[in-house]
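Visitor: sharing a sequence plus its predicted fold:
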Amino acid sequence: MANFKGHALPGSFFLLFGLWWPVKFALKHHSMKLKKKGRAHRSFNRLEIVEGAVKVIFAMIGILAEQFVPDGPHLYLYTREPWGWVKLMNWQHSTMYLFFGLSGVVDVLTYSPARLPLGLDRLMLAIAAFVEGVLLYFHVQNRPMLDRHIHTLLLIAIFAGSASILLEVFLRDNVILELFRSTFCFVQGTWFWQIGFVLYPPFGGKTWDESDHDNMMFVTMCFCWHYAIAIFMVVAIYTLVHCCARRWRTSNGQIQIQLNLQNQKNAKDCCAFLLNTSDEE
């Protein structure tokens, strides 16, 4: 959708995953440190299945929104009288959602009893991000200068995120790559919203001059600010969750030790009582 809502919808999806992934990775790596074999708890497999299902649901929402809005194509790709393509921009967005939906399906199959080879989940996610970048690259051809520039900045985050995810196929459970991926997902979400505010002001504000070079300079600087915020948020969330998990583990361990000591004391008292009773008899 070539409007504010059409950019806010995918922006919200990417932003949610950008906030969720550092939480999941912090819990997973904390669990791996507790396990002797360096593997996460089995409950994380179920968590991956839930995440894959959420991807599929988000993708279906996106496809339905692109196809069945009042001015959408309604599943018509072309018309015969007069002959022509129907709302190809909506079809491109639908294709993007389709590949992320396929990524969710592969996630579910990888961690379900079907047991697809480990790594296919990361590979399919990298392919989905790459397809998103390819579609977006040809999406803004012959558009005004500012329009092209603001979408080109988004391509940086998309292709960098795709490359990072592809490396995870071979370097699995690498916390640096996982957090690196999370920052690019987060900045995609915020930047989609920024594109909506710049190109389609939702409150009827003054439109930006798309031929002004100063606007391009500010937008470039603004993208750097967005990425700085993304780094701060991902690191802050990961650190907070990791510290909370360690504190909970320490508190739980102290309670367990206290219970064991109390049980030992009660056992000693019981033994002493029985010995005293037997001496009196």
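Guide: Everything's here; your move.
Visitor: with adjacent residues omitted, what lies nearest to residue 11?
Guide: Spatial nearest neighbour of residue 11, chain neighbours left out: residue 192 (3.0 Å); criterion: C-beta to C-beta, 6 or more residues apart in numbering. All C-beta atoms are positioned from the backbone trio N, CA, C, and that covers glycine.
Visitor: tell me the confidence at the one you found?
Guide: pLDDT recorded at residue 192 is 93.
Visitor: locate it within the secondary structure: which element?
Guide: helix 175-199 (DSSP states H and E).
Visitor: also residue 84?
Guide: With DSSP H and E as the criterion, the answer for residue 84 is strand 83-85.
Visitor: pull the number of nearby residues for the closest residue to residue 45 other than its chain neighbours.
Guide: Ranked by C-beta to C-beta, 6+ apart and with sequence neighbours excluded, the top spatial neighbour of residue 45 is residue 111, at 4.5 Å. As a burial measure, residue 111 scores 22 neighbours (other C-beta atoms under 10 Å).
Visitor: do the same with residue 142
Guide: Neighbours around residue 142, by other C-beta under 10 Å: 6.
Visitor: cool, residue 16 as well?
Guide: 15.
Visitor: contacting residues around it?
Guide: For residue 16, the contacting residues are residue 189, by C-beta atoms under 8 Å, 6 or more residues apart in numbering.
Visitor: A helix includes it, no?
Guide: Yes. Under DSSP: H, G, I helix; E, B strand; the rest coil, residue 16 falls within a helix.
Visitor: check the gap between it and residue 29 for me.
Guide: 21 Å (C-beta to C-beta, to the nearest Å).
Visitor: now do residue 23
Guide: Noted for residue 23: a distance of 11 Å to residue 29, by C-beta to C-beta.
Visitor: so where's the stretch 151-281 of the chain shaky on pLDDT?
Guide: Applying pLDDT under 70 to the stretch 151-281 of the chain flags residues 205, 249-281.
Visitor: am I right that residue 79 sits in a strand?
Guide: Yes. Counting by three-state DSSP, residue 79 is part of a strand.
Visitor: beta partners of it?
Guide: residue 84 (DSSP bridges).
Visitor: my read: it touches residue 73, true?
Guide: No. Between residue 79 and residue 73 there is no contact under C-beta atoms under 8 Å: 9.7 Å.
Visitor: which neighbours do the two share?
Guide: Shared contacts of residue 79 and residue 73, counting by C-beta under 8 Å, 6+ apart, come down to residue 86.
Visitor: these two: which is more packed in?
Guide: residue 73 (20 against 11).
Visitor: tell me which element that one is part of?
Guide: Per DSSP H and E, there is no helix or strand for residue 73.
Visitor: and the contacts of the helix or strand hosting residue 94?
Guide: Assigned by DSSP H and E, residue 94 falls within helix 88-111. Contacts with helix 88-111, where a contact means C-beta under 8 Å, 6+ apart, come from 1-2, 6, 10, 45-46, 48-49, 51-56, 58-60, 62-63, 66-67, 69, 72-73, 77, 116-118, 120-121, 124-125, 127-128, 131-132, 135, 139.
Visitor: now swap in stretch 153-171 and tell me
Guide: 119, 122-123, 125-126, 129-130, 132-133, 136-137, 174, 177-178, 180-181, 184-185, 187-188, 191-192, 195, 219-220, 223, 227.
Visitor: stretch 32-45: end-to-end distance?
Guide: With C-alpha to C-alpha, to the nearest Å as the measure, stretch 32-45 spans 13 Å from end to end.
Visitor: where do the helices of the stretch 1-150 of the chain begin and end?
Guide: Here the stretch 1-150 of the chain has its helices, by DSSP state H, counting those that start in this stretch, at 4-34, 43-68, 88-111, 120-137, 145-170.
Visitor: I'd like these as a markdown table, with distance to residue 240 appended.
Guide: Listed next are the helices of the stretch 1-150 of the chain as a markdown table, based on distance: least, C-beta to C-beta, whole Å:
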| stretch | distance to residue 240 |
| --- | --- |
| helix 4-34 | 8 |
| helix 43-68 | 19 |
| helix 88-111 | 26 |
| helix 120-137 | 25 |
| helix 145-170 | 23 |
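Visitor: all good on my end, thank you.
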